[in-house]
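**Student:** Below is the sequence, then the predicted model.
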Amino acid sequence: MGWLLMLPWSAAHGAVDIREFDSETDRQRYQSFIDELRCPKCQNQNLAGSDSPIAKDLRDQVYRMIKEGRADKEITDFLVERYGDYVLYRPPLKAATLALWLGPVVVLLLGIIILIWVVRQRRSSGLAPTETAKNLTDAERSELDRLLNSSDDENPER
């Protein structure tokens, strides 16, 4: 019966990848790769944070390639060849990824331009007297001032 209590712990414990490296540099390279590479299945999750089977396979593949002594560029090129630039959190600047790099800047600039335009429109319409207000008689102007300055208690019609 006691073994039943161990099941949840052993299942959760089994998800941890234990890797042994020849040097601290290799361990750091591995950690850098799994932190910087995106899981092809998951939405915006790196290999280190993903529990998907493909992420585990890619962690195993990166580990094997580091143990084989492959260079970082070789490992990256292999993964990009198989999964495309999507696997990289920082894809290279080229025609296919131009929208990824320039999109946020364009959206920011458009937002600033629209904000400036709206502010200018509101200032110009709010500061200039309207044609209707210019054509009011003195009696109409005083009535308008009285209505605008009265409180809600005094003017139940509003």
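**Tutor:** Looks like it came in fine.
**Student:** By mean pLDDT, point me to the weakest helix or strand of this structure.
**Tutor:** helix 2-13 (a mean of 46; mean pLDDT, DSSP states H and E).
**Student:** so what does the helix or strand just after that helix touch, helix or strand wise?
**Tutor:** Sequence-wise, the next helix or strand downstream of helix 2-13 (DSSP states H and E) is helix 24-36. The contact analysis (3 or more C-beta pairs under 8 Å, 6 or more residues apart in numbering; DSSP states H and E) places helix 24-36 against helix 53-67, helix 72-83. Where C-beta positions appear, they are placed from N, C-alpha and C, glycine not excepted.
**Student:** what's around Leu37, how many residues?
**Tutor:** When neighbours are counted by other C-beta atoms under 10 Å, Leu37 registers 24.
**Student:** picking up where we left off before, so which of the helices and strands packed on helix 24-36 is the most surrounded?
**Tutor:** Burial of the helices and strands packed on helix 24-36 is given as mean neighbour count (mean count of other C-beta atoms under 10 Å); helix 53-67 ranks first at a mean of 17.
**Student:** hang on, the earlier thing: so can I have JSON lines of the helices and strands packed on helix 24-36 showing mean pLDDT?
**Tutor:** Listed next are the helices and strands packed on helix 24-36 as JSON lines, based on pLDDT from 0 to 100:
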{"stretch": "helix 53-67", "mean pLDDT": "93"}
{"stretch": "helix 72-83", "mean pLDDT": "92"}
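**Student:** Now tabulate those helices in CSV and tack on distance to Leu147.
**Tutor:** Putting the helices and strands packed on helix 24-36 into CSV (distance: least, C-beta to C-beta, whole Å) gives the following:
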stretch, distance to Leu147
helix 53-67, 68
helix 72-83, 69
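**Student:** which one of those helices lies closest to Leu136?
**Tutor:** helix 72-83 (71.0 Å; C-beta to C-beta).
**Student:** now for the closest one, which elements pack on it?
**Tutor:** helix 24-36, helix 53-67.
**Student:** Can you give me the buried ones in the following helix or strand past it?
**Tutor:** Counting by DSSP H and E, the next helix or strand C-terminal to helix 72-83 is helix 98-127. The neighbour-count criterion (16 or more other C-beta atoms under 10 Å) identifies no buried residues in helix 98-127.
**Student:** Okay then, goodbye and thanks.
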